[in-house]
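> build me a model:
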Amino acid sequence: MKIISWNCRGMGTRAKEEAMKILTRLEAPDILLIQETKMKDINFLQASKKIWNKSEAQAISARGASGGLGSL
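Predicted structure coming up:
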């Protein structure tokens, strides 16, 4: 089982989405944990659908301009 944990320091840009696509393609993790998404949970879940199709995802919203967690 491969688990990757990434402090992305904000997922709201196209560059970060591309980096996440590349990471998941190259490493093929079973579980991907993302910290510091700096996004609302619903926005992160919508963005992650483009990248992660293995199973369900969970997210916790950021508070202001900090925080936010995603588990894929």
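> contacts for the longest helix along the chain next, please.
Secondary structure of the chain per DSSP state H: the longest helix is helix 14-27. The contact list for helix 14-27 (Cβ atoms under 8 Å, 6 or more residues apart in numbering) reads 2, 4, 6, 8, 10-11, 29, 32, 34, 47, 50-52. In short, each C-beta sits where N, CA and C put it, glycine included.
> quick one, strands of the chain?
For the chain, applying DSSP state E gives strands covering 3-7, 31-35, 58-60, 69-71.
> now those as JSON lines including mean neighbour count?
Output for the strands of the chain, formatted as JSON lines (neighbours: other Cβ atoms under 10 Å):
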{"stretch": "strand 3-7", "mean neighbour count": "12"}
{"stretch": "strand 31-35", "mean neighbour count": "17"}
{"stretch": "strand 58-60", "mean neighbour count": "16"}
{"stretch": "strand 69-71", "mean neighbour count": "18"}
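> redo these as a markdown table? Include mean pLDDT and distance to Thr24.
Formatted as a markdown table, these follow (pLDDT from 0 to 100; distance: least, Cβ to Cβ, whole Å):
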| stretch | mean pLDDT | distance to Thr24 |
| --- | --- | --- |
| strand 3-7 | 94 | 8 |
| strand 31-35 | 93 | 7 |
| strand 58-60 | 93 | 16 |
| strand 69-71 | 93 | 12 |
